[in-house]
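In: please work out how this folds:
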Amino acid sequence: MRPPPDYPELLARLDAWQQDVRERFPGVVPCRSGCSACCHGPFDISAADTVVVREGVASLPYPVRAAVEQRARMQVGRMARMEPGFEFPWDVSRMAESRLDALGDAQAGEPCPALDSEGRCLIYERRPMICRMMGLGMRTASGAGLANGCPIRDDFPAYRDLPLQEFDLERWEQEERSALEAAGRQLFPEAPNPEFETTIAGAILLAAPEPWRT
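Out: Numbers count the residues shown, from 1 in each chain. Below you'll find the predicted structure:
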């Protein structure tokens, strides 16, 4: 299962946005491979991101993939014990936002299942949209401000004090819509669901041979 053809290009725009800031503020942004400060706790990802994560997991060598899937099963199992209705296909869009926040708070220290033992992302090239937005504050075309969510930003004063960086998120989300619809059909051919959202652990299990076994 491959991502909708337009979605990788949309993700590449976010990468280009990050790279542009790095070039304009050399040495200021500390985000790098192996830094996993923001890669903890469950959070929601879209249907299109779910397909991207599935492709990334499927490309891993078997022993690595099996370990990633086992970590995902453990994380989903912990979530299900707190939220009994959290079951296959692990659709968090049906969960009250307050409940998802509570799960996130309770598991805030849990590393993403896609991290290796040294904190490197094993599916970095196929990481979700939110992972590509993290690390910078954003000013959207409508003037909305999104604060930098990096949990260690205060350790780097120049980084912490960077102004919000311009990005037309509204246009990005408009163009994302077709990718969400295509992904909703890929994931659920019999009942397409472009509004589907899950966690990275849920997406990993959807790629596993027996995803219902948590």
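
In: point to the residue nearest the middle of the protein.
Out: P128 (3.7 Å; Cα atoms, centre = their mean).

In: and for the residue lying closest to M74 once chain neighbours are set aside, the neighbour number?
Out: Excluding its sequence neighbours, the residue lying closest to M74 (Cβ to Cβ, 6 or more residues apart in numbering) is P113, at 7.9 Å. Backbone N, C-alpha and C define where each C-beta goes, glycine included. Using other Cβ atoms under 10 Å, P113 has 26 other residues around it.

In: for P113, give me its contacts.
Out: For P113, the contacting residues are V68, E69, R71, A72, M74, Q75, I200, A201, I204, by Cβ atoms under 8 Å, 6 or more residues apart in numbering.

In: the fifth one and A201, how far apart?
Out: When Cβ to Cβ, to the nearest Å is the yardstick, M74 and A201 sit 8 Å from each other.

In: neighbour count winner among the two?
Out: Under the criterion of other Cβ under 10 Å, the comparison of M74 against A201 puts A201 first, with 28 against 14.

In: could I get the pLDDT score of that one?
Out: pLDDT recorded at A201 is 96.

In: my guess is L14 contacts C131. True?
Out: No - contact criterion Cβ atoms under 8 Å: L14 and C131 do not qualify, at 9.3 Å.

In: quick check: Q18 is in a strand.
Out: No - if the criterion is DSSP: H, G, I helix; E, B strand; the rest coil, then Q18 is helix and not within a strand.

In: which helices and strands does the one helix or strand E170 maps to pack with?
Out: Assigned by DSSP states H and E, E170 falls within helix 169-187. Applying 3 or more Cβ pairs under 8 Å, 6 or more residues apart in numbering; DSSP states H and E, one finds that helix 169-187 contacts helix 7-24, strand 45-46, helix 47-58.

In: so what touches it?
Out: Defining contact as Cβ under 8 Å, 6+ apart, one finds that helix 169-187 is touched by 1, 3-4, 6-7, 10, 13-14, 46-48, 50-51, 89, 138, 140-142, 144, 146, 192-196, 206.

In: filter those residues to the buried ones?
Out: Using 16 or more other Cβ atoms under 10 Å as the burial test, the contacts of helix 169-187 include 3-4, 7, 10, 14, 46-48, 50-51, 89, 138, 140, 192-194, 196, 206 as buried.

In: flag the shaky bits of this protein, pLDDT-wise.
Out: 1-5, 210-214 (pLDDT under 70).

In: longest helix in it, by residue count?
Out: helix 62-82 (DSSP state H).

In: residues making contact with that one?
Out: Contacts for helix 62-82 (Cβ under 8 Å, 6+ apart): 42, 57-58, 60, 86-87, 90, 102-103, 106-107, 110, 113-114, 122, 199-202, 204-205, 207-208, 213-214.

In: which residues does M133 contact?
Out: So M133 contacts L14, L146 (Cβ under 8 Å, 6+ apart).

In: any idea how far it is from G27?
Out: Using Cβ to Cβ, M133 is found at 21 Å from G27.
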